[in-house]
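# The sequence isn't on hand, but the structure is:
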Ligand SMILES: Nc1ncnc2c1ncn2[C@@H]1O[C@H](COP(=O)(O)OP(=O)(O)O)[C@@H](O)[C@H]1O
Ligand SMILES: [Mg+2]
């Protein structure tokens, strides 16, 4: 598929994605990494049906994607919760819109609240929750409508390093329990490897699939797997691949401006 933005101010077209060719197996956890501005968010929004593609087609379960649908659940970077609704109310929201049976919906929601580790916080409001807890609510909300595929756009980017690692582990537990197909976007290479069955590297804009790396690390995975030689090999390989793309763009990301000997700062 391909996607162009039309810039009304200048009348120009900007090719954000060019010939992205990607197949995701049912139940697979796939991450996309790539230089900033390469089109990761654009791609995810296109899968979600929020953006129309200009070339090619996208299929979900054999069905052409033409717009948003309840077969896709999106988790954004910033917690996009309704501030006047409780945890339970936020997760219920999508089900209410679908006109689901009330008591059935509530039961489902309470099950999800336990799954994401928020038992006891059902009646809390978003402002009373930490960033990590808000993202748990977002995850539960995306799962509530029982989508075919979960779409996650840097969901942990705003969290501190420790909470982030903890949330990665928690996400894997939830994924293991639901085995939803997951498409995860991140700029943190170690996060992508830790979570995924496969890591896709996008080229510099216009985004294309540069590489697809199968992550052959057995599950369940503990966080300590990040320190094993095999993990570090994947990390080195992906890092080099992304740096190559960044160089093509003629600029370096902030993390590596300070010198070539520095590894990705894990943040
Ligand atoms: N609404 C938009 N209109 C025009 N250009 C856009 C819009 N959104 C993103 N872009 C451009 O498309 C490219 C890809 O952006 P994006 O998908 O956000 O990249 P990433 O998520 O990989 O950082 C960038 O060059 C960005 O400036
Ligand atoms: Mg983005």
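Happy to help now that I have it. Just so we're clear, the structure is a prediction, and the values are computed from it rather than from any experiment. Numbers count the residues shown, from 1 in each chain. Ligands and ions are numbered 1, 2, ... in the order given.
# how about stretch 236-251: buried residues?
For stretch 236-251, the buried set under the neighbour-count rule, 16 or more other C-beta atoms under 10 Å, comprises 237-239, 241-243, 245-246. (Glycine included, C-beta is placed from N, CA and C.)
# The residues you listed into TSV, with extra columns for distance to ligand 2?
Listed next are the buried residues of stretch 236-251 as TSV, based on distance: C-beta to the ion, whole Å:
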residue	distance to ligand 2
237	22
238	17
239	19
241	18
242	14
243	18
245	15
246	15
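# Let's see which of the residues you listed end up in helices.
237-239, 241-243, 245-246 (DSSP state H).
# Which parts of this protein are helices?
40-48, 87-97, 102-115, 131-144, 161-178, 189-195, 229-248, 254-257.
# worst average pLDDT in those?
Mean pLDDT per stretch puts helix 254-257 lowest among the helices of the chain, at a mean of 47.
# Could I get the helices of the chain in JSON lines, plus columns for distance to residue 220?
Below are the helices of the chain laid out as JSON lines (distance: least, C-beta to C-beta, whole Å):
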{"stretch": "helix 40-48", "distance to residue 220": "26"}
{"stretch": "helix 87-97", "distance to residue 220": "26"}
{"stretch": "helix 102-115", "distance to residue 220": "16"}
{"stretch": "helix 131-144", "distance to residue 220": "18"}
{"stretch": "helix 161-178", "distance to residue 220": "7"}
{"stretch": "helix 189-195", "distance to residue 220": "11"}
{"stretch": "helix 229-248", "distance to residue 220": "15"}
{"stretch": "helix 254-257", "distance to residue 220": "29"}
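# Which one of the residues in the stretch 101-250 of the chain is closest to ligand 1?
Residue of the stretch 101-250 of the chain nearest ligand 1, by C-beta to the nearest ligand atom: residue 205 (5.2 Å).
# excluding its backbone neighbours, what's nearest that residue?
residue 38 (5.3 Å; C-beta to C-beta, 6 or more residues apart in numbering).
# Ok, residue 125 next?
Leaving aside its chain neighbours, residue 125 sits nearest to residue 86 (5.9 Å; criterion: C-beta to C-beta, 6+ apart).
# check contacts around the one you found.
122-125 (C-beta atoms under 8 Å, 6 or more residues apart in numbering).
# Could you export the residues you listed as CSV, including neighbour count?
Formatted as CSV, the contacts of residue 86 follow (neighbours: other C-beta atoms under 10 Å):
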residue, neighbour count
122, 16
123, 10
124, 15
125, 16
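# Tabulate those (a markdown table), appending pLDDT and distance to ligand 2.
What follows is the contacts of residue 86, written out as a markdown table (pLDDT from 0 to 100; distance: C-beta to the ion, whole Å):
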| residue | pLDDT | distance to ligand 2 |
| --- | --- | --- |
| 122 | 96 | 32 |
| 123 | 97 | 33 |
| 124 | 97 | 29 |
| 125 | 97 | 28 |
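# Now do the contacts for the closest residue to residue 81 other than its chain neighbours.
Closest residue to residue 81 apart from its sequence neighbours, by C-beta to C-beta, 6+ apart: residue 126 at 4.3 Å. Taking C-beta under 8 Å, 6+ apart as the criterion, residue 126 is in contact with 79, 81-83, 85, 87, 90, 134, 137.
# Distance of residue 126 relative to residue 52?
In this view, residue 126 and residue 52 are 32 Å apart by C-beta to C-beta, to the nearest Å.
# what do you get for residue 239?
According to C-beta to C-beta, residue 239 and residue 52 sit 34 Å apart.
# do residue 132 as well
Plainly put, residue 132 is 34 Å away from residue 52 if you go by C-beta to C-beta.
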